[in-house]
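In: Below is the sequence, then the predicted model.
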Amino acid sequence: MFDGKIEVRKASDHSLVMRGIEEERLLKLQGTSARAQHFSYNAHHEEGTPPSSLLWHDRFGHLNYDSLRLLKKNGVAGLPTIPRKLKQCDACILGKHSKQSFHDSHSRAQRKLELIHSNLYGPILVPSANGNKYIMTFIDDYTRMCWVYLLKNKSDAFQTFKNFHKWIENDAQSHIGSIRTDNGKEYTSNEFENYLHQHGIKHQTTVPYNPQQNGVAKRMNRTILNMVRSMLFFKNVKIMFRLMLFHVLHI
């Protein structure tokens, strides 16, 4: 803006769109409205050309072109003929891209307790009648047996693992080789890492924001919660008792 005059130009090619002047501390634009320009733009393009097709593609929330052709076939008024060959929509590529899926792992432990998967789920919005808000699971990779512990606080995770470690090695007459977890603070604290080092247990952690790498434990969480919810609905039990059902599950 210079000397009370303003020019509006396109960012793409800096071509002049309209001018304006300042009158009594107000900016008054002199030119056609954006709505009029919009219809003028449409009028200068024949139906079915790529600009018109892209426009309708955008109006329908970037719907794929095959679906637009189906809408045209089913008699939606005003739709142009969608050509078979169209330029890729950059906005669709940026807005709809997703992470490449993980491949299934076919590796499996060769003995009991060679690899333990673990995860801490919570806090649960409705605590149990005993005040428990967290679920800690341990899954043996070889047998797929699962042990579930209910915790009141996240800080109880380390002591829970110590209790599990002593009990399971005595019960199975074998030692834990590795434990696989996410990067939660309950698993990466100094005391947890020092305990693993003292007992010769390898710690495998997932890459941040990639829970798929701890898929065995994550999938077990879903399996357990599905079972518990189904039992609650079947017996019409209050939701506050759902954590109590973990004690009667045999997985």
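Out: Yep, that arrived. Numbering: from 1, shown residues only.

In: Surely Tyr149 touches Lys162?
Out: No - with the criterion set as C-beta atoms under 8 Å, Tyr149 and Lys162 do not qualify as a contacting pair; they are 11.5 Å apart. The C-beta positions use only the backbone N, C-alpha and C, and glycine is treated the same way.

In: So the two - more neighbours on which side?
Out: Tyr149 (18 against 14; other C-beta atoms under 10 Å).

In: Look at that one and give its secondary structure.
Out: strand (DSSP: H, G, I helix; E, B strand; the rest coil).

In: how about the helices of the stretch 1-150 of the chain, start to end?
Out: Under the criterion DSSP state H, counting those that start in this stretch, the stretch 1-150 of the chain contains helices at 34-43, 50-59, 65-73, 90-96.

In: Give me the below-cutoff pLDDT ranges for the chain.
Out: Segments of the chain classed as low confidence (criterion: pLDDT under 70) are 1-4, 24-25, 27, 31-51, 239-251.

In: swap the cut-off to 80 and go again
Out: In the predicted model of the chain, residues 1-53, 75-79, 81-88, 98-106, 126, 128-129, 228-229, 231-251 satisfy pLDDT under 80.

In: what about the strands in it?
Out: In the chain, the segments counted as strands under DSSP state E are 5-9, 16-23, 26-30, 115-121, 134-140, 146-151, 178-181, 202-205.

In: To Val216, which of those lies closest?
Out: With C-beta to C-beta, the closest approach to Val216 among those belongs to strand 115-121: 4.3 Å.

In: Could you export the closest one as PDB, CA atoms only?
Out: Extracted C-alpha coordinates of strand 115-121, given in PDB (Å, rounded to 0.1, in the frame of the first residue of the first chain):
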ATOM      1  CA  LEU A 115      11.400 -63.600  24.900                       C
ATOM      2  CA  ILE A 116       8.800 -61.900  27.000                       C
ATOM      3  CA  HIS A 117       6.500 -59.200  25.500                       C
ATOM      4  CA  SER A 118       5.200 -56.600  27.900                       C
ATOM      5  CA  ASN A 119       2.900 -53.600  27.800                       C
ATOM      6  CA  LEU A 120       1.300 -51.300  30.400                       C
ATOM      7  CA  TYR A 121      -2.200 -50.200  29.500                       C
END
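
In: Enumerate the sheet neighbours of it, specifying parallel or antiparallel for every one.
Out: Its sheet considered, strand 115-121 pairs with strand 134-140 (antiparallel), strand 178-181 (parallel) by DSSP bridges.

In: Pick the most buried one from these.
Out: strand 134-140 (a mean of 22; mean count of other C-beta atoms under 10 Å).

In: Now do that one against strand 146-151, angle only.
Out: Counting by axes from the mean of the first three to the mean of the last three C-alpha atoms, to 10 degrees, strand 134-140 points 160 degrees away from the direction of strand 146-151.

In: which other residues reach strand 134-140?
Out: Residues external to strand 134-140 that are found in contact with it (C-beta atoms under 8 Å, 6 or more residues apart in numbering): 109, 112-113, 115-124, 145-154, 156-157, 160-161, 164, 168, 216-217, 220-221, 224, 243, 246.

In: Domain-wise, how is this protein divided?
Out: 46-93, 115-248 (automatic domain parsing).
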